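K.L.:
Here is my input; please provide its structure:
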Amino acid sequence: YQVSNLRGKVEKLWAQLRPFYLQLHSYVRYKLKQEYGDHVNLTGPIPAHLLGEIWAMSWLNIYNLTKPYPNVNAFQVDKGMKDMNYTTHDMFVLADNFYQSMGLPAMPDNFWKYSMFTRPKNRSVVCYASAWNMGHDKQGKEDKILYRLKMCAVVNANYLYTVHHEMGHCQYYLAYNEAQPPEFRAGANNGFHEAIGDTAALSVINPTHLKKLGILKPVDAETKHQQNINFLLRRALEKVAFFPFSISLEFWRWDVFSGKITNQHLNAGWWENKLKYQGIYPPVERTEHDFDPASKYHVTSGTPYIRYFIAHILEFQFYETLCKLSGHKGPLHLCDFQGSKVAGRHFRKMLEMGNSKHWEDILRKLSGSCHMDAGSTLRFFKPLTQWLQWDANRLLSTYDCSYCRRMDKLESSETEHNLSRTKRDVESNEPLLSSVRLEDEDANFDLFQEDEQTSQKAKNDFFDRMIDGLATFAREANITKHNTAVHTKVVRKRNRITAIYSKAKVCRPNEPTKCLMYEPGIINLFAKSRNYSELLWAWKGWRDAIGPKVRTDWERIIEIENIGARENNYTDEGAAWRTNYQVSNLRGKVEKLWAQLRPFYLQLHSYVRYKLKQEYGDHVNLTGPIPAHLLGEIWAMSWLNIYNITKPYPNVNAFQVDEGMKDMNYTTHDMFVLADNFYQSMGLPAMPDNFWKYSMFTRPKNRSVVCYASASDMGHDKQGNEDVRIKMCAVVNANYLYTVHHEMGHCQYYLAYNEAQPPEFRAGANNGFHEAIGDTAALSVINPTHLKKLGILKPVDAENKHQQNINFLLRRALEKVAFFPFSISLEFWRWDVFSGKITNQHLNAGWWENKLKYQGIYPPVERTEHDFDPASKYHVTSGTPYIRYFIAHILEFQLYETLCKLSGHKGPLHLCDFQGSKVAGRHFRKMLEMGNSKHWEDILRKLSGSCHMDAGSTLRFFKPLTQWLVKENKRLG
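P.N.:
Below is the predicted model of the structure:
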């Protein structure tokens, strides 16, 4: 290629393309997740065998899985050609006419005489499409130079493209054979020849040209937009997916030649490149006994491959140039330069030069620049890029997810040096921060204060938040700094153990066909069964089905994650996780909160133990811990399902919400309207039209869906309208009424910070805030005061009111207070494993020590180190940090009490309903609007007046129950 540092030039081109590729990768990954479930990790690389082709070189064959608008036919070219009775010969005539329309020569007679257009019936042939320059015929006359095509075409869009591509080779032959001596009768470089026909084919296989031909029919404006997006996605699956494939192959080969990759690491080096550039990994373990590069013919045959990357760059660059010369206006992908003699004249001049000059000079003659540039490719796909940003906003884990940050880590070692907490380092990361205009954002964050000193402090805070974000960015890249091949193993191991979890089931000993999955089987059994032996069977069976199978992989994952954390200057992975909260001694703060809560929890534990003793007799010891399987749930995380056993006043109905809603003929839609009205009553915005249009409120009748309730921030639609959604399978009952308000709280948070903050700060103040927001509102809704306002609960006399309140608070405590020790027993155990305080030889013992210490429960059968009971909880298996849920539960009561004070509430805290308080709503909205633009403690202080988390609000909420429990436990002895 006669240039210095070809690799550097290619890397630069890839740097231009990579952000768009990551958008495409993220979108495709999501679609594959829908198709293959747990086999695909939403925040990881893609298994290499799922992309529609043996090498993942083109993803075109998964177009039907990924089609943006499934009901819009973007590319019914095959059908259109069939309807117009096209033959294979017609396709070649069409291509010849296309080139002639630009003033290029017709194919000579010998082309039509000797080319092979279709598969011969009387002999076997190799059908790989190719163009041939056969030199002169036997008379040796200059006007008898022979050109041929060889292919086995059929009438469809792919072959229509290929015919134009191959005839491009022939046009190149015709041009330089006529204009140049033999020495210069060749392409300007190896990529030029491939690019010529593809340039023409881009003009032909596009909606504009195909409609001219009558193959595609005109459509209305909305359908046209959707058709274009489908068309561009189809093109991107073919063209854009190829870029990283080609360089991962050729860079690997160059590194083998140079010795950078040794013979001892050929396969490891191959997969490191696949991960780094394509974001794919092998679906089964590969070792140096394998040699996967040989699965590609060009590696086996020794054929240089970088020409194809260059050709793909050049085809878009040539195409854009010819479009400009033809006078095209509008989106680049809709350009058709057929018939432009001006474009044809310049094109022919370039073709005639052969390789008589340096290829960069030849490129400059046509395009005006001697440099290859991926800008043309990006402009071609610009509408698709924009569509991915608005329609798949929740999928743009591209720049949020840890995996893609890890890909960034692989891309450049610069990142490692740009993350210290200094102003200089922020400035050095200007590309990352280029979307942040400080002067504009100062106004958004109320940074311009009358006091100049205050203003400067605010600006410094802004810088600090950006630096904190960069620190997180660095931390989440920790594994790949260690070794990309190792990271591939982590992803594979993590996928393997989560798959074991998701498929786990418990089968009856004598009836192996009668098995229970977690949902709904085990959930329902623990909710309803009071049979000690049956509960024990399910409890033990669930743990036996998972723990021993995943333990070895899990231990290895922890080891690797710790290596990555230490390379990023953390003592261990647990310390890295805790940095998300940006406080010193997070564990100490959590311990302090637990110390506040523990006396109340012990009262609750003692009362529940007594009630379980009445139910299960000698199985429960009145002075000891509680058997772990008797608390109404497989993990003893919530005790709500044993409310009927533990109800303080059995004859008083505290919570006949389900019956009340039924009597009032509530529908699921009514619950969402109720929640929307609740937030609006406080002055918060109504849910936008797209919410009601696209949310899923109930289980669809015509398809299977995952019903786990969730809220999604989809950004904005193409008209710029807000798009937030809820997905759940609600039914009319108290639990779902709570959940609807909770999920709509997420949506209110999205709406607030999306409007007020730049993208960098559109997130919860910390990982616990998002969960706390909706629960804060739900505490106001699912309480006796609010439910009586709605008419769902009926008024009662004073004595019954007290008893009803105690029943209500006990029910709440079984759900909320029981969770506190569960969450910290889990996370403290995991932090101790990361730190080495709990070793691999004592994983299960350490788990049950924490369960006893914090929850006061113990295993009902003997457990040993052959077991691995922590894996029975999905968050342990999947590696999901859990302390956020403890923090969320603390915050919801703290935020709730603050809003109650702002609303002017007087009386017991648990009876506060701040619906309708514009004052509370105004302060609440201000907090939501801040996103994570400031430290979460400062945001907390803005609303509550204190920057510290405090369990006092929780204790004040449950104060009447605490007083009752103390008396009752004393009475019960």
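K.L.:
From here on, just use CA atoms for contacts and neighbour counts.
P.N.:
Will do.
K.L.:
Pull out the buried residues from stretch 118-137.
P.N.:
119, 129, 131-133 (16 or more other CA atoms under 10 Å).
K.L.:
so which pair among those residues is furthest apart in space?
P.N.:
Farthest-apart pair in the buried residues of stretch 118-137 is 119 and 133; separation 20.6 Å (CA to CA).
K.L.:
So which of the buried residues of stretch 118-137 is the closest to residue 904?
P.N.:
Closest to residue 904, out of all of the buried residues of stretch 118-137 and judged by CA to CA, is residue 129, at 79.6 Å.
K.L.:
how about the nearest residue to that closest one, chain neighbours excluded?
P.N.:
The spatial neighbour of residue 129 that comes closest, neighbours along the chain excluded (CA to CA, 6 or more residues apart in numbering), is residue 151 at 4.4 Å.
K.L.:
Show me how far stretch 47-61 is from its chain's centre.
P.N.:
20 Å (CA atoms, centre = their mean, to the nearest Å).
K.L.:
Mean confidence (pLDDT) on it, please.
P.N.:
Across stretch 47-61, pLDDT averages out at 95.
K.L.:
ok, the closest residue to residue 784 other than its chain neighbours - contacts?
P.N.:
Spatial nearest neighbour of residue 784, excluding adjacent residues (CA to CA, 6+ apart): residue 911 at 6.5 Å. By CA atoms under 8 Å, 6 or more residues apart in numbering, the contact list for residue 911 reads 780, 783-785.
K.L.:
Now do residue 911 against residue 904, distance only.
P.N.:
13 Å (CA to CA, to the nearest Å).
K.L.:
just residue 244 next, same as before
P.N.:
In terms of CA to CA, residue 244 sits 61 Å off from residue 904.
K.L.:
Comparing those two, which residue is more hemmed in?
P.N.:
residue 244 (22 against 12; other CA atoms under 10 Å).
K.L.:
pLDDT score for that one?
P.N.:
So residue 244 comes in at 97 (pLDDT).
K.L.:
Hmm, residue 278 and it touching each other?
P.N.:
Yes: with contact defined as CA atoms under 8 Å, residue 244 reaches residue 278; the gap is 5.3 Å.
K.L.:
How about the secondary structure of residue 724?
P.N.:
Secondary structure, DSSP: H, G, I helix; E, B strand; the rest coil: residue 724 is strand.
K.L.:
number of nearby residues for the closest residue to it other than its chain neighbours?
P.N.:
Leaving out its chain neighbours, the residue that sits closest to residue 724 by CA to CA, 6+ apart is residue 713, at 4.8 Å. Other residues lying near residue 713 total 20 when counted by other CA under 10 Å.
K.L.:
measure residue 713 to residue 726 for me?
P.N.:
In terms of CA to CA, residue 713 sits 9 Å off from residue 726.
K.L.:
show me where the stretch 251-400 of the chain has strands.
P.N.:
280-281 (DSSP state E, counting those that start in this stretch).
K.L.:
Okay, now the unreliable bits of it?
P.N.:
390-400 (pLDDT under 70).
K.L.:
Can you pull out the low-pLDDT segments for this structure?
P.N.:
74-75, 135-145, 390-488, 654-655, 704-706.
K.L.:
Map the structural domains onto the sequence of it.
P.N.:
6-63+241-295, 399-476, 657-805+901-928 (automatic domain parsing).
K.L.:
would CSV of those domains with distance to residue 571 be doable?
P.N.:
Formatted as CSV, the domains of the chain follow (distance: least, CA to CA, whole Å):
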stretch, distance to residue 571
domain 6-63+241-295, 25
domain 399-476, 12
domain 657-805+901-928, 22
